[in-house]
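> pasting a predicted model and its sequence here:
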Amino acid sequence: MDTCAKVKEDRPLLSVQGVMKLYGSRIGCTDVTFDLFPGEVLGIVGESGSGKSTLLGCLAGHLKPDAGRILYDGRDMGALGEPERRRLSRTEWAFVHQNARDGLRMGVSAGGNVGERLMAVGARNYAAIRDTATDWLGRVEIAADRIDDRPSAFSGGMQQRLQIARNLVTGPRLVFMDEPTGGLDVSVQARLLDLLRGLVRDLGLSVVIVTHDLAVVRLLADRLMVMKSGRVVEQGLTDQVLDDPQHGYTQLLVSSVLQV
Ligand SMILES: Nc1ncnc2c1ncn2[C@@H]1O[C@H](COP(=O)(O)OP(=O)(O)OP(=O)(O)O)[C@@H](O)[C@H]1O
């Protein structure tokens, strides 16, 4: 590896510095600082209203922070124009919504949902697009003979897997996930988690994942950030935080799960 490439590898893919987002006088999130390195998975946990979605919205460029800086691959997101942000959303980033319907086009076939992402980054050869779509449906365990079905004919778990294929087909570097296993049956969740873990590992993805579910972060996240009332109360290696929580709130969060 030459020196230049090495320097790039050592640089955070995402650097978040003192980010704050207010809704009027209400704090959405405040004083959030962390680095995400290439290939790392960061889990964000906290109770409802703790600011997880607000922070994710700021990171993904859906919300404009009121203070702080977000650097993506060294570039200040606040200084990027809207066309460049849209280009990044199409090419280098992906966003997996909790509700698959928010991330899919329900009137378009499964193959079309995957294929149109490829077309958005310049693919034009119909046969090659269909082949890639078929391959990706297989990777998310959807049978090839369902390629022309619409997502509305799929189960919740299948829709979520299709949303994941649609998001990953273009080879993004950074994936935002908002409760990707939320709202699914426990057995469906387990299968989806397993699939996600395999894809994250095989593709070496950098991921920021928001969840209520400590089992999800235990399985997927290298590092964990715990939020309460819009602030980060604790962060560290996932096993360390879950096995030896330092903050009273994290202790409560961990013990409430153990008691279930
Ligand atoms: N559009 C909005 N307008 C006003 N206040 C908002 C808005 N969105 C969020 N908030 C407030 O910001 C704070 C953080 O909310 P946020 O939705 O980010 O939390 P969360 O941890 O994602 O919750 P949940 O797990 O329920 O999605 C809460 O006090 C919430 O009421």
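Looks like it came in fine. Numbers count the residues shown, from 1 in each chain.

> could you use CA atoms for every contact and neighbour count after this?
Noted.

> helix/strand/coil for Gln163?
Taking DSSP: H, G, I helix; E, B strand; the rest coil as the rule, one finds Gln163 in the helix state.

> could you report the distance from it to Asp145?
Separation of Gln163 from Asp145 (CA to CA, to the nearest Å): 18 Å.

> and these two? which has more neighbours close in?
Gln163 (28 against 9; other CA atoms under 10 Å).

> hang on, the more buried one packs against Gly103?
Yes. With contacts counted by CA atoms under 8 Å, Gln163 reaches Gly103, the gap being 6.1 Å.

> who touches both of those two?
Common neighbours of Gln163 and Gly103 (criterion: CA atoms under 8 Å, 6 or more residues apart in numbering): Val96.

> tell me the residue of the stretch 151-260 of the chain that sits nearest the ligand?
Closest to the ligand within the stretch 151-260 of the chain is Gly230: 6.1 Å, counting by CA to the nearest ligand atom.

> number of residues surrounding that residue?
Neighbour number of Gly230 under other CA under 10 Å is 23.

> in this structure Val226 contacts Ile44, no?
Yes. Using CA under 8 Å, Val226 is in contact with Ile44, at 5.9 Å.

> when these two are compared, which one has more neighbours?
Ile44 (27 against 22).

> beta partners of the more buried one?
Ile44 forms beta bridges with Val210, Met225, as assigned by DSSP bridges.

> what's the pLDDT at it?
Ile44 is assigned 98 on the pLDDT scale.

> in the longest helix along the chain, what's buried?
Looking across the chain with DSSP state H, the single longest helix is helix 186-203. Residues of helix 186-203 classed as buried: 189, 192-193, 195-196, 199-200 (neighbour count, 16 or more other CA atoms under 10 Å).

> so which residues on the protein come close to the ligand?
Proximity of the chain to the ligand (CA under 6 Å from any ligand atom) is limited to residues 23, 27-28, 47-54.

> do that again at 5 Å, thanks
23, 28, 48-54 (CA under 5 Å from any ligand atom).

> re earlier: now the residue of the stretch 151-260 of the chain closest to the ligand. Nearest residue, chain neighbours left out?
Cys29 (3.8 Å; CA to CA, 6 or more residues apart in numbering).

> circling back to that earlier point, surely the residue of the stretch 151-260 of the chain closest to the ligand touches Ser53?
No. Gly230 lies out of contact with Ser53 (CA under 8 Å); the separation is 10.1 Å.
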